[in-house]
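>>> test case, fold it:
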Amino acid sequence: MILPVVMTLPTRVVQAVRPQASPGVLAGAAAVAATFAATPFLLPEVSDQLNIGIGATGLLSTAQVGSFALASFFAGRLFRPRRRYHYGSLLLLAMATLGSVLAPNFAVLLVTRIFAGLGMGTLTWIAWADATRFPRGIGDVAAVAPVTATVASPLIGWIIQTGGFRWVFVTLSLVALLASLLPVDFGDLPRIGRNVSGSRSNLILLAALLILSVGGSSVFVFSGATAEGVQGLSPVAVSWALSLNAISGVFATRRTARRGSAWIWILATATSAAVIGTIVNSWLFFVAMALWGFAFWMAVPAVFRLLADRSLNPSERMGDAQASMAAGRIFGPVVGGLALGFGSFSGLSLLGAVVMAVSACIVGGVEVYRMRSHARQVDQAET
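Numbers count the residues shown, from 1 in each chain. Next comes the predicted model:
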C-alpha cells in the first residue's frame, strides 16, 4: 500500500497550489496521468514477457487511447460533470487495470486497456471542464500530469526492474481506488451538447493538436525503448530522464506563454524529439527530455486558451481538445511502430519532429491571423 499512497502525493502538491480545486478531481486526473506515465516503461517489458514485437506493443497504447478519445469527446457532448460519472469512471479504471494484471495473453490485455481508456477519458474531460471555472484553472490542471509523472516515473522504473509489468498494473489499480475515496465538487458546469462556436480557426487548432499528438506520441511512447536501444540506459536511468521531463513540465505549467508564442514552443518540442533518437549522447538525451517537458507544457495550455478565446463557453472545446490529442495518440504509436519496423530509432525521431513542426506552422498561422484580425478591429473602433 505504500507505493500507491506515494503516487497520490501529486494531488496534495497541486491542491496546495490551488485550494479551490476538488481533491477528488485532482486525484482522478493524477490516476490517469500515472497510467499514461507508465506506458513507455510497459511496452518494452510486455514485448519481452509476452514475446511480442516492440512495434506491435504500441497497440496497447492505441487501444487505451482510442477508447479514451471516444469517452472524452462524447462525455462532454452528452453529460454534465456528476459525482456518479467521476466515481464510476475511477471504479472502471481500477477494475480494468486489475484485469490487466490477470490477462493471460496479449489479446486479453488489449481488451482490458480499452475499458481502462473509457474511464480515463471521462475523468480527463471532467478535470478539464472543471478547470474552466477558475482563472488559472487550465494551467493548474495541466500541472497534474507532470507532477504525477515526476513522482510516478522513478517508482514505475523500480517496479518494472524488480517485479515486472504486472506489478505496475497492480499499483495503478490501487491508485485509482484510493482516488475514489476523495470528495469532488463540480459547481454548476453546463452540458455542452451541440451549442458550440462556429469559429473556423478553432477547428484548425483542433487539427493542429491532433497533428502535434501524432508526432509527439509516436516518439514519446517509444522513448523508453529509444533510451535503452540508442543510449544504452537502464530502466531506472530512463525513469530519471522521464522524471526530468515531468519536473520541467511542472515549471512550465506555472507560467503563461506570451501571446503569439505557442508555435515556438511546439517547434522546441519537435527539436527535442529529433535529438533523442539521432544523437548518441546520454547527457544530451537528458537535456532534450527536459526541454521537451518544458516546451510541451508551455505550448498545450496556450493552445487551449486560444480555443477558449473563440468559444461560447470556456469549457466548450475542452472535451474536443482532449479527444483530438487522444486521437493523435491512437495513430502516433502506429506511426512509431511502422517507423521502427522499416527504419530505426533515428528515423522515428526525425519523422516525429517533422510532424510536430507541421503543427507548429498551423498554430503559428492561426496566431498571426488572430493578431491581425484584432488589430483591424482596434483600428476600426478608433476610426
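>>> so how far is Ala274 from Leu350?
For Leu350, the distance to Ala274 (Cβ to Cβ, to the nearest Å) stands at 6 Å. To be clear about C-beta, it is placed using only N, CA and C from the backbone, and glycine gets the same treatment.
>>> same thing with Ser47?
Taking Cβ to Cβ, one finds Ser47 at 25 Å from Ala274.
>>> helix, strand or coil: sort out Pro81 for me.
coil (DSSP: H, G, I helix; E, B strand; the rest coil).
>>> wait, doesn't it sit right on Asp130?
Yes - taking contacts as Cβ atoms under 8 Å, Pro81 lies within contact range of Asp130: 6.5 Å.
>>> for the two, indicate the residue with more neighbours.
Ranked by neighbour count (other Cβ atoms under 10 Å), Pro81 and Asp130 place Asp130 first, with 28 against 24.
>>> helix/strand/coil for the more buried one?
State at Asp130, reduced to three classes by three-state DSSP: helix.
>>> ok, which stretches of the stretch 1-150 of the chain are helices?
According to DSSP state H, counting those that start in this stretch, the stretch 1-150 of the chain carries its helices in the segments 2-7, 9-17, 23-50, 58-78, 83-102, 106-131, 137-163.
>>> could you dump those helices to TSV with distance to Ser359 and mean pLDDT?
What follows is the helices of the stretch 1-150 of the chain, written out as TSV (distance: least, Cβ to Cβ, whole Å; pLDDT from 0 to 100):
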stretch	distance to Ser359	mean pLDDT
helix 2-7	31	50
helix 9-17	27	47
helix 23-50	20	86
helix 58-78	17	82
helix 83-102	29	93
helix 106-131	20	90
helix 137-163	18	81
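>>> for Glu316, which of these is the nearest?
Minimum separation from Glu316 across those (Cβ to Cβ) falls at helix 58-78, 8.6 Å.
>>> can you give me the end-to-end span of stretch 334-353?
The first residue of stretch 334-353 is 16 Å away from its last residue (Cα to Cα, to the nearest Å).
>>> before we move on, the earlier item: quick one: which of the helices of the stretch 1-150 of the chain is nearest Thr171?
So among these, helix 2-7 is nearest, using Cβ to Cβ, at 5.2 Å.
>>> circling back to that earlier point, as CSV, the helices of the stretch 1-150 of the chain with distance to Arg258 would be great.
Listed next are the helices of the stretch 1-150 of the chain as CSV, based on distance: least, Cβ to Cβ, whole Å:
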stretch, distance to Arg258
helix 2-7, 34
helix 9-17, 22
helix 23-50, 26
helix 58-78, 28
helix 83-102, 35
helix 106-131, 21
helix 137-163, 14
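>>> so which of these is nearest Leu284?
Proximity to Leu284 (Cβ to Cβ) singles out helix 23-50 among these, at 18.5 Å.
>>> which other helices and strands does the closest one contact?
Using 3 or more Cβ pairs under 8 Å, 6 or more residues apart in numbering; DSSP states H and E as the contact test, the elements touching helix 23-50 are helix 9-17, helix 58-78, helix 83-102, helix 106-131, helix 137-163, helix 165-179, helix 223-226, helix 235-253.
>>> quick one: the second one to helix 23-50, angle?
Using axes from the mean of the first three to the mean of the last three Cα atoms, to 10 degrees, the inter-axis angle of helix 58-78 relative to helix 23-50 is 160 degrees.
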